[in-house]
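Colleague: Could you look at this predicted model? Sequence included:
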Amino acid sequence: MTGTLVYILAFLFYTFAGWYFWQTRWKHQSIYPVNQGNDPSRANWQAHLIMLIPIILHGLSLSQSIFIETGLSFGVGNAISSIVWLTGLIYWFTGFFPRLQGLQNLFAPIAIAGAIAVLLPLLIPSVRPLANTEMTAFKMHLLVAMLAYSLFTIAALHALLMTVQEYRLHHPTLSPLLTNLPPLLAMEKMLFHIIWTGFTLLTLTLFSGIIFSQEVFGRSITFSHKTLFGFISWGIFAALLTGRKLYGWRGHTAIRWTLVGFIILLLAYIGSKFVLEIILNR
């Protein structure tokens, strides 16, 4: 499978996965597919396989668009596509943990996002390859950065789900889809585990970026919108984790800080690349 065929197949399988999860988990408001009777184990493995196929195809399409002869091509299209792919991959891994399988209900909107994201490298091709991609330090910096972005994307989705779940708890018609999710306290604990992991990776991203900047430009930090927003986002998540430890921050406070930190982090990389590549064509 070469060329655009991989993109088309990934798009089609993402579309099918989104339709499948909508029909079995959202439309009928059940944690298990309605056509599987009383065999939740079989249903979960079937859903697990349906999730895996588009993720594999998406990964193949990314390898084609990112790894080119002249180095690494990592424009805004590839960046967004990579973050969505890693987010879907991490959600897929949650299926191996029985306590987290209810989170797979979220794969319906993730599959829709994946169907769009897998085509972005074709619709928004990179202007030029990245410089200095032969350096191992840079490759590690890029990998850790994408993992951090993906985890904070999951944290933002998690925070939004907690908001909806808390709202529905105060209304008599609670959807069975939401009742099959972990309890709010468990969701909150999970949220901070995700944030701690993402914060660690973000710290490594900033630290490795400083080392990379020192090696290439001869100075520790090159001031830009990307650097500024990156450190602001790091400060927000550091404040959130400190507030959680010292003052027990939770609920709406934790959700607001999580979403604000995520938006600023999004502006740090995706926003700056969008302005440079799409608006300024640089």
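Modeller: Received, thanks. Numbers count the residues shown, from 1 in each chain.

Colleague: got the domain boundaries for the chain?
Modeller: Here the domain parsing of the chain from automatic domain parsing is 1-130, 131-282.

Colleague: I'd like those domains written out as CSV, with mean pLDDT and mean neighbour count added.
Modeller: In short, each C-beta sits where N, CA and C put it, glycine included. Output for the domains of the chain, formatted as CSV (pLDDT from 0 to 100; neighbours: other C-beta atoms under 10 Å):
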stretch, mean pLDDT, mean neighbour count
domain 1-130, 79, 18
domain 131-282, 80, 16
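
Colleague: Which parts of the protein are strands?
Modeller: Applying DSSP state E to the chain gives strands spanning 67-68, 71-72.

Colleague: The ones you listed: which one's closest to Thr15?
Modeller: Judged by C-beta to C-beta, the one of the strands of the chain that comes nearest to Thr15 is strand 67-68, at 26.0 Å.

Colleague: partners of the closest one in the sheet?
Modeller: Take DSSP bridges as the rule and strand 67-68 pairs in its sheet with strand 71-72 (antiparallel).

Colleague: still on that earlier bit, turn the strands of the chain into JSON lines, columns for distance to Leu228.
Modeller: JSON lines is the format used below for these (distance: least, C-beta to C-beta, whole Å):
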{"stretch": "strand 67-68", "distance to Leu228": "30"}
{"stretch": "strand 71-72", "distance to Leu228": "24"}
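
Colleague: so which of those comes closest to Leu160?
Modeller: Of these, nearest to Leu160 by C-beta to C-beta is strand 71-72, at 32.0 Å.

Colleague: end to end, how far does stretch 239-259 reach?
Modeller: 13 Å (C-alpha to C-alpha, to the nearest Å).

Colleague: got the contact list for that stretch?
Modeller: Outside of stretch 239-259, the residues within contact range by C-beta atoms under 8 Å, 6 or more residues apart in numbering are 155-156, 158-160, 162-163, 166, 188, 191-192, 195-196, 199, 236-237, 261.

Colleague: same thing with stretch 142-160?
Modeller: Here stretch 142-160 has contacts from 72, 74, 79, 82-84, 86-87, 90-91, 106, 187, 190-191, 194-195, 197-198, 201-202, 204-205, 208-209, 254-255, 258-259, 261-262, 265-266, 269, using C-beta under 8 Å, 6+ apart.

Colleague: How about stretch 228-237?
Modeller: 195, 198-199, 202-203, 205-206, 209, 257, 260-262, 264-265, 267-269, 271-272.

Colleague: any idea how far it is from the chain center?
Modeller: Put simply, stretch 228-237 sits 18 Å off its chain's centre (C-alpha atoms, centre = their mean, to the nearest Å).
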